[in-house]
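Chemist: Provided below for reference: sequence and predicted model.
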Amino acid sequence: MRKKNTELLRDVIGQVLKTNHLDKKLYEKRLIDAWPIILGNNIVQYTTELVIVRKVLYVALSSSVLRHDLFLSREEIKKSLNRHVGTEVITDIIFR
């Protein structure tokens, strides 16, 4: 016999992640993985570290010229990264 209260596996996994407060870390990991997809390989070559602390993405770059260029377009980068993940993971980006 078939149960009438069936749920999609995707929804059940989402509920388990949310209940155990693991969804935030999953979204942060997805955002960090999206960095090379959104910005491309040229910028990834100069990226030395990506860390998210309290909804702020800290990006360490080895080129000061690139740091300045990315600083000027940080709002667009933030929107693109959040859109790629599907939720607001970061509220600001700090380049160092």
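Modeler: Right, received. Where do you want to start? Numbers count the residues shown, from 1 in each chain.

Chemist: in the protein, which spans are helices?
Modeler: 9-19, 23-39, 41-44, 64-72, 74-85 (DSSP state H).

Chemist: other SSEs contacting the first one?
Modeler: For helix 9-19, the helices and strands in contact under the criterion 3 or more Cβ pairs under 8 Å, 6 or more residues apart in numbering; DSSP states H and E are helix 23-39. For every residue, glycine as well, the C-beta is placed using N, CA and C.

Chemist: which strand residues bridge the nearest residue to Phe71 once chain neighbours are set aside?
Modeler: Distances taken as Cβ to Cβ, 6 or more residues apart in numbering put Phe95 closest to Phe71, at 5.3 Å, once the chain neighbours are dropped. Beta bridges link Phe95 to Val59 when assigned by DSSP bridges.

Chemist: let me see the contact set for Lys18.
Modeler: With contacts defined as Cβ atoms under 8 Å, 6 or more residues apart in numbering, Lys18 has no neighbours.

Chemist: ok, now how distant is it from Arg67?
Modeler: According to Cβ to Cβ, to the nearest Å, Lys18 and Arg67 sit 36 Å apart.

Chemist: also Ala60?
Modeler: Counting by Cβ to Cβ, the gap from Ala60 to Arg67 is 9 Å.

Chemist: residues shared between the contacts of those two?
Modeler: Shared contacts of Ala60 and Arg67, defined by Cβ under 8 Å, 6+ apart, comprise Arg96.

Chemist: and the gap between the most centrally placed residue in the chain and Leu39?
Modeler: The centre of the chain sits closest to Leu31, judged by Cα atoms, centre = their mean, with a distance of 1.7 Å. Computed with Cβ to Cβ, the distance linking Leu31 and Leu39 is 12 Å.

Chemist: what of Asn82?
Modeler: Distance from Asn82 to Leu39, by Cβ to Cβ: 14 Å.

Chemist: same check, this time on His84
Modeler: When distance is defined by Cβ to Cβ, His84 is 11 Å away from Leu39.

Chemist: any stretches of the protein with poor pLDDT?
Modeler: 1-3 (pLDDT under 70).
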